[in-house]
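**Q** need a structure here:
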Amino acid sequence: MMNGYIDFLEKLFPAIEPYTAERAKEAVREFSRYGTKTPFFSRPLDRDFQQGDLFTSVPFVYIDKNGKGQLAETGGMLLTNSCDATRNDFLQFAAMTPLANYSTNPAHQDAVKSNINYEYLYFPDTEIDDSFVNFGLITSVSREAFEKYVKTGKSRRIASLNATGYFLFITKLTVFLMRPEDSEVYHARGVATA
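**A** Purely as a prediction, here's the structure:
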């Protein structure tokens, strides 16, 4: 998994200064040094919610292909920055999607597990290795309402990221939201503004 992810980073960021790119690749290689069980999560959990925390249940609102609003409850990862999670009116979450619900095709599941798909974040060899974070399904929830949701037991925080997990999370989130446009779109933007 990690060799594929390293190659992915090299292709994605070819213009990065070589020394910086090599340091980033070395950091990614650190994921492999733990053998079969890479520690991505920490215990005990902090009192306050932290960016990257995983919860058992988050209400997700989305518009389906027929234009109708839908509500689904599934596990979720907090995307809101840690300091903002204590004071913002709304918290943003990405859905946790079970691999079995995504696809029964082993090739599709392997693509998710390799972490080369921009939209998905997979933590291998952990207690949540049957699911992945789906950055394509993001929702906002009132902070006060979600705090009550957790306090009343409707959702439970199951994990916080350690430094290794946070590095993988922030890398994937940055790639998903801020990767460069392909050359045709980039060129079209230049032509349109000229």
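
**Q** how many neighbours does residue 85 have?
**A** Using other C-beta atoms under 10 Å, residue 85 has 20 other residues around it. Heads up, the C-betas are built off the backbone N, CA and C, glycines and all.

**Q** ok, it - contacts?
**A** 48-51, 78, 91, 143 (C-beta atoms under 8 Å, 6 or more residues apart in numbering).

**Q** For the longest strand seen in the chain, which helices and strands make contact with it?
**A** Determined from DSSP state E, the single longest strand within the chain is strand 131-142. Here strand 131-142 touches strand 54-63, strand 69-78, strand 90-98, helix 99-102, strand 120-121, helix 163-178, going by 3 or more C-beta pairs under 8 Å, 6 or more residues apart in numbering; DSSP states H and E.

**Q** got the contact list for the residue nearest to residue 55 when sequence neighbours are not counted?
**A** The shortest distance from residue 55 to any non-neighbouring residue, by C-beta to C-beta, 6 or more residues apart in numbering, is to residue 155 (4.8 Å). When contacts are counted by C-beta under 8 Å, 6+ apart, residue 155 touches 55-58, 146, 149.

**Q** What's the separation between the closest residue to residue 50 other than its chain neighbours and residue 63?
**A** With C-beta to C-beta, 6+ apart as the criterion, residue 50 has its nearest non-adjacent residue at 4.7 Å, and that residue is residue 82. Distance, residue 82 to residue 63, using C-beta to C-beta, to the nearest Å: 29 Å.

**Q** hang on, the residue nearest to residue 50 packs against residue 51?
**A** Yes - taking C-beta atoms under 8 Å as the definition, residue 82 is a contact partner of residue 51 at 4.7 Å.

**Q** Neighbour count: the two, which is higher?
**A** Neighbour count, other C-beta under 10 Å: between residue 82 and residue 51, residue 51 has more, with 20 against 16.

**Q** how close does the more buried one sit to residue 94?
**A** Noted for residue 51: a distance of 11 Å to residue 94, by C-beta to C-beta.

**Q** do the same with residue 64
**A** Where residue 94 is concerned, residue 64 sits at a distance of 18 Å (C-beta to C-beta).

**Q** so who does residue 102 touch?
**A** By C-beta under 8 Å, 6+ apart, the contact set of residue 102 is 108-109, 112, 132.

**Q** do residue 129 as well
**A** Contacts for residue 129 (C-beta under 8 Å, 6+ apart) come out as 122-123.

**Q** Same check on the one 3 residues further on?
**A** Neighbouring residues of residue 132 by C-beta under 8 Å, 6+ apart: 96-97, 99, 102, 112, 120-123.
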